[in-house]
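J.: All I have is the shape, not the residue letters:
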Ligand SMILES: Nc1ncnc2c1ncn2[C@@H]1O[C@H](COP(=O)(O)OP(=O)(O)OP(=O)(O)O)[C@@H](O)[C@H]1O
């Protein structure tokens, strides 16, 4: 049975040592929609995002309670292999972080790790992924050049292509445009809206206008709590909580 939600977060708490960073989070993240997470610095946005593909557990002092289900299965279940989860749930980071390799090798890297060796198959994956990340036309004649030679915005699209190459279902994006100029930002925003047709996207952003422009649903977090999670139009036009209203009208944050 397939469900409409990619993730069900149930009574989830997270501590860094003695400091609690997330409190009783309950949230269902719908498939093939863009879910934005907003809130002031330090409110737990990145922590929540990184927990969705179990990146936070690489930090030794992290403890959690509660359940996060991905496609109805608890991601913390002993039987759930973390590598497998991360194949389905990819991540794009704040700063573009291509490998110091050619554009081609950056995108072919994941499929190669997964055992794909045939040049023809890899060529196809590289082209499809670069097209999917809306950068094929800009790089098709220089696939063997080092990805470091590209602009920041282009590097970020290479990182998105690298993520697409392993065919994830979900793409987690942690402030993917905060290091980019306004034109590159708009290109990435257009791309994210395009990707929604095929992927579930969860994006952490400092930029409320960005959340309002691109997301279907928005979560507002404050001090580790999920204050409000609703349709983006509603959250920005008619917030249900005074704290959300104060934040979106710039009264704090
Ligand atoms: N590796 C860590 N070790 C200890 N505490 C951490 C760690 N990472 C984050 N924290 C703490 O957890 C809380 C939430 O941080 P988090 O980075 O999730 O917030 P954020 O909303 O994403 O902030 P920002 O918008 O500034 O990136 C903060 O108090 C932060 O200091």
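T.: Right, received. Where do you want to start? Note that the coordinates shown come from a computational prediction; the quantities given were computed from them, not determined experimentally.

J.: What segments of the stretch 1-150 of the chain are strands?
T.: 5-16, 19-30, 34-38, 62-70, 73-74, 89-92 (DSSP state E, counting those that start in this stretch).

J.: which one of these is the most hemmed in?
T.: strand 34-38 (a mean of 26; mean count of other CB atoms under 10 Å). The C-beta positions use only the backbone N, C-alpha and C, and glycine is treated the same way.

J.: got the angle between that strand and strand 19-30?
T.: 160 degrees (axes from the mean of the first three to the mean of the last three CA atoms, to 10 degrees).

J.: who's in contact with the residue nearest the centre of the chain?
T.: Computing the C-alpha centroid of the chain and ranking residues by CA atoms, centre = their mean puts residue 172 first, at 1.4 Å. Counting by CB atoms under 8 Å, 6 or more residues apart in numbering, residue 172 makes contact with 49-50, 52-53, 89-92, 202-203.

J.: how much space between the residue nearest to it when sequence neighbours are not counted and the ligand?
T.: Sequence neighbours aside, residue 91 is the residue nearest to residue 172 in space, at 4.5 Å (criterion: CB to CB, 6 or more residues apart in numbering). Residue 91 sits 14 Å away from the ligand, going by CB to the nearest ligand atom, to the nearest Å.

J.: thinking again about what came up before, mind putting the strands of the stretch 1-150 of the chain into JSON lines with mean pLDDT?
T.: JSON lines is the format used below for the strands of the stretch 1-150 of the chain (pLDDT from 0 to 100):
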{"stretch": "strand 5-16", "mean pLDDT": "98"}
{"stretch": "strand 19-30", "mean pLDDT": "98"}
{"stretch": "strand 34-38", "mean pLDDT": "98"}
{"stretch": "strand 62-70", "mean pLDDT": "96"}
{"stretch": "strand 73-74", "mean pLDDT": "95"}
{"stretch": "strand 89-92", "mean pLDDT": "95"}
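
J.: out of those strands, nearest to residue 117?
T.: Residue 117 sits nearest to strand 89-92 of all the strands of the stretch 1-150 of the chain, at 21.7 Å, using CB to CB.

J.: ok, residues contacting the closest one?
T.: 50, 52-53, 55, 70, 156, 159-160, 163-164, 166, 168-174, 176.

J.: Show only the entries of those residues found in strands.
T.: 70, 170-174 (DSSP state E).

J.: So which of those residues is the closest to the ligand?
T.: residue 174 (7.7 Å; CB to the nearest ligand atom).

J.: ok, the closest one - contacts?
T.: Contact analysis of residue 174 by CB under 8 Å, 6+ apart lists 46, 49-50, 91-94, 204.

J.: ok, now residue 100?
T.: Residue 100 touches 146-148, counting by CB under 8 Å, 6+ apart.

J.: Which of those residues sits closest to residue 132?
T.: Minimum distance to residue 132 across the contacts of residue 100 is 16.6 Å, recorded for residue 147 (CB to CB).

J.: Which pLDDT value belongs to the closest one?
T.: With respect to pLDDT, residue 147 scores 97.

J.: again with residue 1
T.: pLDDT, residue 1: 50.

J.: try the one 3 residues further on
T.: Among the per-residue scores, residue 4 shows a pLDDT of 91.
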